[in-house]
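Student: next input, structure requested:
(one chain, ligands or ions: 1)
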Amino acid sequence: MEKKVTKIGVLTSGGDAPGMNAAIRAVVRTGLYYGLEVYGVMRGYQGLIDDDIYKMESRSVANIIQRGGTILKTARCKEFYEPEGRRKAYATLKKRGIDGLVIIGGDGSFRGAGKLSHEFDVPCIGLAGTIDKDIAGTDFTIGFDTAVNTAVEAIDKIRDTADAHDRLFIIEVMGRDAGYIALHSGIATGAEHILIPERKTDIEQVVDSLLEKEKRKKLVNMIVVAEGDGFGGAEEVARHIKEKVPNADTRVCILGHIQRGGSPSCLDRLIASRMGYQAVECLLEGRYNVFVGIQNNKMHYIPLQNAVKAKGKISEEWMKIVRILAS
Ligand code: ADP
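Tutor: As a prediction, this is how the structure comes out:
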């Protein structure tokens with residue numbers, strides 16, 4: 001028979017994402033609703049190792065659903081990669097009697113949780129939180145919708161000034177391994193070209209297309225580049241284009257960390273609330289060592305050990321849409 005969970009911990013780990021606070025709130029309030037004690041762990045796995053943990057009440061999560069960042073802070077913790085680090089983390093859990101853990105983070109955090117649960121039999125539940133939407137098995141991740149809307153808002157503004165001066169803008173958005181932010185924000189802002197890690201960047205095709213547009217006096221062009229595109233990001237793309245299309249008034253804008261911050265969108269608050277609630281339900285039902293995703297608007301549970309980056313999943317049709325609409 002599964003042992004009964006009575007005290008749970010919640011932490012945020014890895015890259016931060018808007019909506020993490022909404023997820024923490026949902027875990028805390030659902031846990032309290034079911035009579036559990038809930039503990040907040042500071043700075044991801046580092047807080048487990050250092051015993052930087054405090055008891056959370058309903059008021060601890062008041063007025064945070066609309067706030068970006070994470071009240072528990074997040075970190076990348078080298079020590080946790082080592083068995084000794086995980087042993088220390090387990091010692092803290094044991095000392096405090098915490099018998100279930102909710103981890104809000106990306107695929108790396110889930111792999112860490114998978115090891116902790118495997119080695120020490122700690123029930124762990126993951127919640128997919130990353131702006132990159134690069135986790136296989138879920139249609140949404142907490143933070144993606146907000147990040148992509150931030151990018152859209154910024155690109156719209158850049159287009160205004162590009163249009164005023166007849167300029168070509170090369171805009172870099174986040175996405176070291178995944179091009180979802182670039183693809184979604186690029187389509188939504190009518191970008192002429194979108195360069196993503198999942199597709200080999202054919203820079204000469206971009207150059208030819210810009211030269212052809214120049215001939216017909218279409219001078220305002222937006223190229224959205226994911227930071228991890230194969231050609232080397234916006235700066236490299238700009239260097240090449242300035243050389244091959246010298247008449248274009250070419251500018252670069254790197255959006256950077258603004259994409260991580262800000263008040264979470266309605267969608268992110270909603271999925272964070274649903275996932276946070278479901279994480280506690282999983283612990284109570286004994287559905288351990290999975291992460292919670294959403295597929296076709298239904299909750300979906302994927303074993304933590306199977307957490308992988310969703311790579312190369314962008315359909316040919318999406319790329320066709322980009323080509324057709326950006327003529
Ligand atoms: P994300 O969760 O956003 O993908 P990371 O990959 O940096 O971010 O992972 C966050 C933390 O999770 C790491 O700093 C580390 O503490 C832990 N972690 C990641 N991968 C592993 C692993 N293979 N084994 C143990 N711990 C891991």
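
Student: what is whichever strand or helix holds Leu211 packed up against?
Tutor: For Leu211, the element it lies in under DSSP states H and E is helix 203-215. Judged by 3 or more C-beta pairs under 8 Å, 6 or more residues apart in numbering; DSSP states H and E, the packing partners of helix 203-215 are strand 193-195, strand 221-226, helix 233-244. All C-beta spots, glycine's among them, are computed from the backbone N, C-alpha and C.

Student: can we see that at 6 Å?
Tutor: For helix 203-215, there is no helix or strand it packs on, judged by 3 or more C-beta pairs under 6 Å, 6 or more residues apart in numbering; DSSP states H and E.

Student: what comes up buried for it?
Tutor: Neighbour-count burial for helix 203-215 flags 203, 206, 209-210, 213 (criterion: 16 or more other C-beta atoms under 10 Å).

Student: out of these, which one sits closest to the ligand?
Tutor: Comparing the buried residues of helix 203-215 against the ligand with C-beta to the nearest ligand atom places Ile203 closest, at 29.5 Å.

Student: quick one, what contacts the closest one?
Tutor: 231, 240 (C-beta atoms under 6 Å, 6 or more residues apart in numbering).

Student: now do it against Arg251, distance only.
Tutor: The gap separating Ile203 from Arg251 is 18 Å, by C-beta to C-beta, to the nearest Å.

Student: which parts of the stretch 101-250 of the chain sit against the ligand?
Tutor: The stretch 101-250 of the chain comes close to the ligand at residues 105-109, 111-112, 115, 130, as judged by C-beta under 6 Å from any ligand atom.

Student: among those, which pair sits farthest apart?
Tutor: Using C-beta to C-beta, the pair of those lying farthest apart is Lys115 and Thr130, separated by 19.1 Å.

Student: pick out the residue of the chain closest to the ligand.
Tutor: For the chain, C-beta to the nearest ligand atom, closest residue to the ligand: Gly108, 1.9 Å.

Student: what about that residue, which SS state?
Tutor: Following DSSP: H, G, I helix; E, B strand; the rest coil, we place Gly108 in the helix state.

Student: burial count for the nearest residue to it once chain neighbours are set aside?
Tutor: Counting by C-beta to C-beta, 6 or more residues apart in numbering, Gly108 lies nearest to Gly14, which is 5.3 Å off, once chain neighbours are set aside. Using other C-beta atoms under 10 Å, Gly14 has 22 other residues around it.

Student: if we can go back for a sec, so for Lys115 and Thr130, which sits in the more crowded spot?
Tutor: Between Lys115 and Thr130, Thr130 has the larger neighbour count (other C-beta under 10 Å), namely 25 against 17.

Student: what separation do you get for that one and Tyr34?
Tutor: Taken as C-beta to C-beta, the span from Thr130 to Tyr34 is 27 Å.

Student: again, but for Met42
Tutor: Distance from Met42 to Tyr34, by C-beta to C-beta: 24 Å.

Student: so the two - more neighbours on which side?
Tutor: Ranked by neighbour count (other C-beta under 10 Å), Met42 and Tyr34 place Met42 first, with 20 against 14.

Student: list the contacts of the more buried one.
Tutor: Counted by C-beta under 6 Å, 6+ apart, Met42 has contacts 52, 72-73.

Student: tell me which element Val5 is part of?
Tutor: Using DSSP H and E, no helix or strand contains Val5.

Student: oh sorry, the question was meant for Asp160
Tutor: Assigned by DSSP H and E, Asp160 falls in helix 144-165.

Student: following element in sequence after that helix, please.
Tutor: With DSSP H and E setting the assignment, the helix or strand that follows helix 144-165 is strand 168-173.

Student: direction included, what does that following strand pair up with?
Tutor: Applying DSSP bridges, strand 168-173 is found paired with strand 221-226 (parallel), strand 250-254 (parallel).

Student: tell me the one of the buried residues of helix 203-215 nearest Gly232?
Tutor: Ile203 (9.9 Å).

Student: and the gap between that closest one and Ile194?
Tutor: Counting by C-beta to C-beta - Ile203 and Ile194 are separated by 13 Å.

Student: Lys218 too?
Tutor: Counting by C-beta to C-beta - Lys218 and Ile194 are separated by 17 Å.

Student: neighbours of the residue of the chain closest to the ligand, how many?
Tutor: 17.

Student: touching, it and Gly44? I think so.
Tutor: No: contact between Gly108 and Gly44 fails when scored by C-beta atoms under 6 Å: they sit 10.3 Å apart.

Student: still on that earlier bit, may I ask which of the contacts of Met42 has the most neighbours?
Tutor: Highest count within the contacts of Met42 by other C-beta under 10 Å belongs to Leu72, 23 neighbours.

Student: that residue sits in which helix or strand?
Tutor: Residue-wise, Leu72 maps onto no helix or strand under DSSP H and E.

Student: no more questions from me, cheers.
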